Every structure is written in C-alpha cells, then in structure tokens.
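1. Here's my sequence, what's the structure:
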Amino acid sequence: MRKVVVIGLGKSGMAAARLVAEQGHTVFISELKEDDTIVLSIDSLVEEKVVERGNIEAGLHTDRFIKGSDLMVISPGVGPDSIAVKLAEEGGIPIISELELGYSACPAPILAVTGTSGKTTVTTLIGQMLSSHGRDTIVCGNIGNPLSGEIGRIKKDSIVVLEVSSFQLERIKTFKPKSSIILNISDNHLDRYKDIEEYVGLKKRVFLNQDKGDIVFLNGRDKLLREISQDIKARVELFDTYKDFGNRFNIRNENFLAAMSMASLEGVNESVMLDVISRFKGIEHRLEYAGSRDGIDFINDSKATTVSSVEWALRSLDGRIILIMGGRYKGGDFGRLKAFLDKKVDLVIAIGEASPEIKGHLNGYRDLVEGKDLEDAVGIAFKRAKKGHKILLSPGCSSFDMFKNYEERGRAFKDYCKRLIA
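-> Model prediction:
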C-alpha cells in the first residue's frame with residue numbers, strides 16, 4: 001500500500017482519487033482552493049470512503065502534508081510552477097498526470113486525439129463511427145470525463161477514444177496509444193508556456209512512446225507538423241490525403257478527414273463513416289446555433305479559446321458577422337484574423353482582460369468597440385445587428401477572467417440570447 005497524494009479536486013482529481021483508492025492505496029488530497037464546490041467534493045469522497053478526512057488539506061499546499069508520499073498525481077490545471085509540484089520535486093516524489101494514472105490501469109487500446117483546435121469534434125466523430133460499427137467504445141479524456149473515471153467500464157475488447165491536451169501530456173511516462181492524431185498546432189497556452197517551441201514539444205509527447213507497430217496521423221497541410229514528422233518512430237500517415245477520402249467523397253473539412261482516417265484504420269466501413277458525418281449536428285459550444293430574432297442568428301462558439309479556432313469559425317460561416325471576442329489572453333496574434341474580418345465582419349466587440357491585446361493586434365480595424373462584460377456585448381451586438389447578421393461569440397481566449405470554464409460562458413451567452421429572443 002502506497003501513500004498517493006492527489007493535487008486538485010476538479011473532475012480529474014476526483015476521478016484520480018477514486019481510482020487510487022480502488023487500487024488499494026492510501027489517498028491524500030491537497031487542494032489550493034477552499035470554496036463551496038471544494039467542500040462538497042471533499043464531503044462526497046469522504047462519504048464514499050475514498051479518503052479519510054484527516055488526509056485532506058484545502059486552501060494551501062504544505063510540505064508537512066506532502067512529505068513522505070510515494071507518488072503525486074496532478075490534474076491538468078496544476079502547472080509546473082505550482083507549490084505542490086515544487087515541493088514534490090524537492091522531496092524526490094515521482095509525479096504523474098491523471099492521464100498517466102488512467103493509462104496504467106486501462107486494459108483496452110487507446111486512440112488519442114490532440115491538436116490546438118478541433119480535438120473535441122474529432123474525438124466525438126471517431127467515437128460515433130466506432131459505436132455505429134458495433135465496437136464497445138469509450139470516449140473520454142479532455143472532452144470532459146477523465147480516463148481514470150472510466151476504467152471501471154472499460155473491458156479488454158473495448159476501444160478508448162481519448163481527447164488529449166498538452167497539459168495532460170506534461171507528466172506522462174509510459175502512455176502509449178495504439179494510434180494518435182495531431183490535428184494542427186498554432187499559438188496557444190502561452191500564458192503557461194514560455195514560447196511556441198515548448199508548446200510544440202509537449203504536443204509531440206503524444207507519440208513519445210509509440211514505435212513502428214503504432215501509427216501517427218498528421219495534417220500534411222500544417223507546416224509545423226511536417227517539420228516534426230522526422231521525430232516520429234511510428235508509422236506516419238497524412239490524414240488530409242489518407243485513402244483519398246477528400247477527393248473521393250468531396251470532403252474538405254479536415255476534422256471529418258481526420259476522423260475517417262482513424263476510424264478506417266479500425267475497420268469501420270465507408271458507408272458507416274459517411275452516415276455518421278451526414279447526421280453529425282456538432283457539439284455544444286462549438287458553432288452552436290443559439291436561436292434567431294428578426295432575421296438575426298446567434299451562434300455560440302464559446303469553445304473557441306484560441307485565435308486559430310476563431311479563424312476556423314470565420315472561415316466556416318457564411319454571411320455578415322458581428323464578432324464578440326475576449327476573456328483571458330492565452331497568447332496568439334489576433335492580427336492574423338484581419339483578412340477574415342475585412343471580408344465578413346461588420347463589428348468586433350472586445351471584452352475581458354484581453355481587450356487591450358485585441359485592440360492592439362487589430363489596430364486600425366474599421367469598427368471595434370469594448371463591452372463591459374458578455375451581457376453588455378450581446379446587447380451592443382443586437383442593437384447594431386440587421387436582418388441577415390450572425391452574432392458570433394468566438395472568444396479566442398480562456399474564460400477564467402469571468403467564468404469557471406468555457407461551458408459556463410457558453411451557457412451564459414445562450415441565456416442572454418434567449419432573453420432577447422423572448
């Protein structure tokens with residue numbers, strides 16, 4: 001029996017604590033926050049007998065509490081500069097991510113999906129294709145339900161489709177997917193990493209342990225991905241040209257091509273894949289239709305937390321757009337959007353901590369205003385909108401200056417829109 005300290009009590013921390021307890025180890029939990037949500041989470045784990053109340057500290061990380069641990073498991077939100085991480089490193093305590101913990105207990109092969117944008121869409125599509133083909137499919141990871149929390153329902157003949165973030169890859173050791181996809185790489189999380197090179201290095205860890213018996217799908221149209229292909233020991237395929245799906249079925253959407261490539265590798269026939277694509281309604285908070293009034297459409301793209309995701313949204317939508325952007329700046333150049341803004345956007349409304357960056361990068365843009373908050377921005381957008389306009393929330397930033405996560409931000413946007421529609 002080992003002393004395992006779990007850092008963080010979000011979804012990943014809760015799942016990790018339960019799995020560690022199921023494995024027969026003694027769980028300790030250290031959480032920097034101490035609010036009502038954390039108190040409820042602690043009470044739940046104590047009631048489930050996952051952890052003893054005396055083995056929990058909240059509101060701080062202390063050396064006394066962490067000292068003597070055999071292993072530390074950290075959640076994706078716990079950065080390398082965390083006090084807990086530094087204490088573990090000073091004490092020689094091994095550190096792994098929740099992803100690594102889940103992988104160590106997973107009996108089924110894993111298909112991993114990563115990239116700067118499009119991960120959730122592609123993960124969802126692959127899962128639907130495999131399920132429609134009759135496979136026992138578990139879709140999990142960064143998509144919202146941690147791998148560690150799904151171990152109990154994964155069997156040897158299951159297949160796991162796993163959305164993987166750079167945060168989760170920071171502390172892997174043995175994680176080795178059967179096949180992996182890197183969809184794209186652009187500036188992201190530069191509030192956590194010192195530069196794009198560090199971010200790229202972490203994305204490359206998805207294939208760190210893959211060998212010639214495995215496969216890595218890359219986007220051949222992405223310059224950065226073409227450059228890193230020489231570092232891969234596994235077999236490399238380009239999903240944008242794989243089996244000529246794009247030309248044969250007139251498909252230009254790279255997310256669809258990525259999903260088809262990985263599903264095809266698992267034996268899913270083409271008719272099943274095309275049927276899934278034809279029925280695919282998208283995912284919540286990603287170019288989600290949120291209603292209409294007076295010929296004006298509201299589009300919720302709260303999941304677009306990078307500049308490249310905003311670019312994707314602007315490329316995907318037809319008609320004239322009023323764009324709401326902002327939140328907590330994560331890095332990236334909003335200036336790269338200018339060509340799309342000139343062609344499609346009649347007004348940009350900047351909100352949140354990133355407003356100065358947006359204004360600076362779009363210096364000289366013909367019509368840019370600031371909103372006090374998201375509700376104010378929706379009101380401004382509706383007053384300026386005319387019949388045929390699309391009011392698009394596509395922030396290009398994280399939500400943490402105003403909301404707990406992008407889901408809460410998206411729900412708030414939809415609520416504001418509903419009030420206007422009503």
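2. now the end-to-end length of stretch 264-284.
-> 26 Å (C-alpha to C-alpha, to the nearest Å).
3. Please enumerate residues in contact with that stretch?
-> For stretch 264-284, the surrounding residues in contact (C-beta atoms under 8 Å, 6 or more residues apart in numbering) are 111, 120-121, 124-125, 128-130, 132-133, 135, 159, 179, 215, 242-243, 245, 249, 251, 256, 259-260, 263, 288, 300, 303, 407, 410. (C-beta placed from N, C-alpha, C; glycine too.)
4. Which ChimeraX command selects the buried ones in those residues?
-> Here is the ChimeraX command that selects only those of the contacts of stretch 264-284 that count as buried (16 or more other C-beta atoms under 10 Å):
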select :111,120,121,124,125,128,129,130,132,133,135,159,179,215,242,245,251,256,259,260,263,288,300,303,410
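5. Sort out which of the contacts of stretch 264-284 are in strands and list them.
-> Leu111, Ile159, Ser179, Ile215, Glu288, Asn300 (DSSP state E).
6. Neighbours of Tyr406, how many?
-> When neighbours are counted by other C-beta atoms under 10 Å, Tyr406 registers 21.
7. Show the contacting residues for it.
-> Tyr406 makes contact with His285, Ser302, Lys303, Thr305, Pro395, Ser398, Ser399, according to C-beta under 8 Å, 6+ apart.
8. who's in contact with the closest residue to the last one other than its chain neighbours?
-> The spatial neighbour of Ser399 that comes closest, neighbours along the chain excluded (C-beta to C-beta, 6 or more residues apart in numbering), is Arg409 at 4.3 Å. If you count contacts by C-beta under 8 Å, 6+ apart, Arg409 has them with Ser302, Gly327, Leu374, Leu393, Pro395, Ser399, Met402, Phe403.
9. Any figure for the gap between Arg409 and Ile277?
-> Arg409 sits 28 Å away from Ile277, going by C-beta to C-beta, to the nearest Å.
10. How about Leu374?
-> Counting by C-beta to C-beta - Leu374 and Ile277 are separated by 32 Å.
11. again, but for Leu99
-> 28 Å.
12. Looking only at neighbour counts, state which of those two leads.
-> The residue with more neighbours, out of Leu99 and Ile277, is Leu99; 29 against 18, by other C-beta under 10 Å.
13. Setting the sequence-adjacent residues aside, check what's closest to the more buried one.
-> Gln168 (4.1 Å).
14. The strand or helix carrying the one you found packs against which elements?
-> Using DSSP states H and E, Gln168 sits in helix 166-169. If contacts are counted by 3 or more C-beta pairs under 8 Å, 6 or more residues apart in numbering; DSSP states H and E, helix 166-169 sits against strand 95-97, helix 98-104, helix 196-203.
15. Send me it as CSV with only the CA atoms.
-> Output in CSV follows, covering the C-alpha atoms of helix 166-169 (Å, rounded to 0.1, in the frame of the first residue of the first chain):
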residue,chain,number,x,y,z
SER,A,166,-0.9,19.5,-23.8
PHE,A,167,-1.5,19.9,-20.0
GLN,A,168,-2.2,16.2,-19.7
LEU,A,169,0.9,15.2,-21.7
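16. Mean confidence (pLDDT) on that helix, please.
-> Averaged over helix 166-169, pLDDT sits at 92.
17. Distance of Val85 relative to Ile185?
-> 25 Å.
18. between those two, which one's more packed in?
-> Just comparing Val85 and Ile185: by other C-beta under 10 Å the higher neighbour count belongs to Ile185, 25 against 21.
19. give the contact list for the more buried one.
-> Gly115, Thr116, Tyr199, Val200, Lys203, Asp222, Leu224, Leu225.
20. make it 10 Å
-> 114-117, 166, 196, 199-200, 203-204, 218-219, 222-225, 227-228, 308 (C-beta atoms under 10 Å, 6 or more residues apart in numbering).
21. Tell me where the model's unsure across the stretch 151-300 of the chain.
-> Low-confidence segments of the stretch 151-300 of the chain (pLDDT under 70): 187-193.
22. change it to 80
-> 186-194 (pLDDT under 80).
23. where exactly do the helices run in it?
-> 166-169, 196-203, 223-228, 245-248, 254-265, 270-279 (DSSP state H, counting those that start in this stretch).
24. gap between the fourth one and the chain center?
-> So that's helix 245-248. Distance of helix 245-248 from the chain centroid (C-alpha atoms, centre = their mean, to the nearest Å) equals 28 Å.
25. and it, C-alpha only, in PDB?
-> Extracted in PDB, the C-alpha atoms of helix 245-248 (Å, rounded to 0.1, in the frame of the first residue of the first chain):
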ATOM      1  CA  PHE A 245     -11.200  10.400 -48.800                       C
ATOM      2  CA  GLY A 246     -11.300  14.100 -49.600                       C
ATOM      3  CA  ASN A 247     -11.400  13.700 -53.400                       C
ATOM      4  CA  ARG A 248     -13.400  10.500 -53.500                       C
END
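26. so who does the most centrally placed residue in the chain touch?
-> In the chain, the centroid-proximal residue (C-alpha atoms, centre = their mean) is Asn142; its distance is 5.3 Å. Residues counted as contacts of Asn142 (C-beta under 10 Å, 6+ apart) are 12, 76, 99, 113-114, 119-120, 123, 162-168.
27. most neighbours, which of those residues?
-> Counting by other C-beta under 10 Å, top hit in the contacts of Asn142: Val113 with 33 neighbours.
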